[in-house]
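Novice: Only the shape, not the letters, is given here:
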């Protein structure tokens, strides 16, 4: 039996739609994918 795992890390930011956009850092996100097969 074998198990595979993939993990993706990314930054979460938001920005305004004004003439002077400034982005604000919200945090980190993580996506995990697991698969096991024989």
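Specialist: Cool, the structure landed. This is a predicted model, so every value here is computed, not measured.
Novice: Which residues does the most centrally placed residue in the chain form beta bridges with?
Specialist: Nearest to the mean C-alpha position of the chain, by CA atoms, centre = their mean, lies residue 10 at 3.4 Å. In this entry, residue 10 is beta-bridged to residue 29, by DSSP bridges.
Novice: Show the contacting residues for it.
Specialist: 28-31 (CB atoms under 8 Å, 6 or more residues apart in numbering). Where you see a C-beta, it was placed from the backbone N, CA and C, and this is true even at glycine.
Novice: which one of the residues you listed sits closest to residue 17?
Specialist: residue 29 (22.0 Å; CB to CB).
Novice: burial count for the closest one?
Specialist: Around residue 29 sit 10 other residues, with neighbours defined as other CB atoms under 10 Å.
Novice: Then residue 35?
Specialist: Neighbour tally, residue 35, other CB under 10 Å: 9.
Novice: From the contacts of residue 10, pick the one nearest residue 2.
Specialist: residue 31 (21.0 Å).
Novice: other SSEs contacting the helix or strand hosting the closest one?
Specialist: Assigned by DSSP states H and E, residue 31 belongs to strand 23-37. If you count contacts as 3 or more CB pairs under 8 Å, 6 or more residues apart in numbering; DSSP states H and E, strand 23-37 packs onto strand 2-15.
Novice: chain center to stretch 2-22, what's the gap?
Specialist: When distances are taken as CA atoms, centre = their mean, to the nearest Å, stretch 2-22 is centred 5 Å away from the chain's centroid.
Novice: quick one: low-confidence parts of the chain?
Specialist: 1, 37-38 (pLDDT under 70).
Novice: out of the contacts of residue 10, which are buried?
Specialist: By neighbour count, with 16 or more other CB atoms under 10 Å, the contacts of residue 10 hold no buried member.
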